[in-house]
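Novice: just need the structure, nothing else, for what follows:
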Amino acid sequence: MYLYRDQAQKIIQEFKNDTISELKKNHEFMISLLTGDDWSLVIKSHALVESIINYHIVAVTDESRLKYLIERLPMHDKQIGKLLITKKYGLLDDSQRKFVIRLSEIRNKLVHNFENISFDFVEYVESLDSNQRKSWVRDVTWHAADYDAPEIWREIAIENPKVAVWFSVLMFVSLTTAKTVEVSTMAKIREIASDTVKKDFKGRV
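Specialist: Here you go, the predicted structure:
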């Protein structure tokens, strides 16, 4: 790829600005969720996660014309789900997909029954048997493998599950947002580089 220095500097600065802007917007939303009730955290954070997955798929596949269709696909249907697309394109790893599935399952349980508006994470975890609790800890601490003390997050997943879920969503949103901006920036670089080569070649003919 061929770029002039001023073009490269402009793209780098735009990448930084876009990343900071998107992260700031999402983080402000996440902070507001931490002070709310558990039901709202599940419903709103799932909506945020799904919207970011939609945007990520559109950016990576470069199929903005299919945005309407992608938004209406089920989240984790094994044949046509959004998570299947993220797997095929290598957008999310296995642990991230398991976390999204877990969040989706809880969300689906809550959204279809108004009585669940009093949902409480502590009560939810206490209702799980030993095997279910192990899978719960695994799913909500997917990010802990990169830490020196993952056992701390395993404890938090049991003792303060709301914080564990909130932080997992925050990590997911941050990493995926940065990756999406990177993909969009690379597409922009290829487009500008192609135009630059065409103009430079034309000027020499």
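Novice: CA atoms for contacts and neighbours, from now on please.
Specialist: OK.
Novice: then the helix or strand harbouring residue 125 to PDB, C-alphas only?
Specialist: Assigned by DSSP states H and E, residue 125 belongs to helix 121-126. Provided in PDB are the C-alpha atoms of helix 121-126 (Å, rounded to 0.1, in the frame of the first residue of the first chain):
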ATOM      1  CA  PHE A 121     -27.800 -12.000  40.200                       C
ATOM      2  CA  VAL A 122     -26.900 -13.300  43.700                       C
ATOM      3  CA  GLU A 123     -30.100 -15.300  43.800                       C
ATOM      4  CA  TYR A 124     -29.500 -16.600  40.300                       C
ATOM      5  CA  VAL A 125     -26.000 -17.900  41.200                       C
ATOM      6  CA  GLU A 126     -27.300 -19.400  44.400                       C
END
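Novice: list the helices and strands it packs on?
Specialist: If contacts are counted by 3 or more CA pairs under 8 Å, 6 or more residues apart in numbering; DSSP states H and E, helix 121-126 sits against helix 150-159, helix 161-204.
Novice: quickly, which of the ones you listed bottoms out on average pLDDT?
Specialist: Here the lowest mean pLDDT among the helices and strands packed on helix 121-126 goes to helix 161-204, at a mean of 70.
Novice: coming back round to it: so how far is the helix holding residue 125 from its chain's centroid?
Specialist: 24 Å (CA atoms, centre = their mean, to the nearest Å).
Novice: mean confidence score for it?
Specialist: Computed over helix 121-126, the mean pLDDT rounds to 96.
Novice: quick check: what element follows it along the chain?
Specialist: Immediately after helix 121-126, counting by DSSP H and E, sits helix 130-140.
Novice: name the residues of that following helix that are buried.
Specialist: Going by neighbour count (16 or more other CA atoms under 10 Å), the buried part of helix 130-140 is 133, 136, 137, 138, 139, 140.
Novice: any chance of CSV for the residues you listed, columns pLDDT and distance to residue 117?
Specialist: Shown next, in CSV, are these (pLDDT from 0 to 100; distance: CA to CA, whole Å):
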residue, pLDDT, distance to residue 117
133, 95, 22
136, 96, 21
137, 94, 23
138, 93, 26
139, 95, 23
140, 94, 21
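Novice: any idea which of those is the one closest to residue 88?
Specialist: residue 139 (20.6 Å; CA to CA).
Novice: so how far is residue 88 from residue 107?
Specialist: Using CA to CA, to the nearest Å, residue 107 is found at 25 Å from residue 88.
Novice: check residue 63 too.
Specialist: Per CA to CA, residue 63 is found 15 Å from residue 88.
Novice: next: residue 172.
Specialist: 19 Å.
Novice: who has more neighbours, these two?
Specialist: Remark: of residue 172 and residue 88, residue 172 carries more neighbours, 19 against 10, as counted by other CA atoms under 10 Å.
Novice: tell me the contacts of the more buried one?
Specialist: 49, 96 (CA atoms under 8 Å, 6 or more residues apart in numbering).
Novice: how about 10 Å then?
Specialist: Taking CA atoms under 10 Å, 6 or more residues apart in numbering, we find residue 172 in contact with 49, 52, 92, 96, 99, 100, 142, 143, 166.
Novice: which one among those residues gets closest to residue 37?
Specialist: When the contacts of residue 172 are compared against residue 37 (criterion: CA to CA), the nearest one is residue 166, at 11.7 Å.
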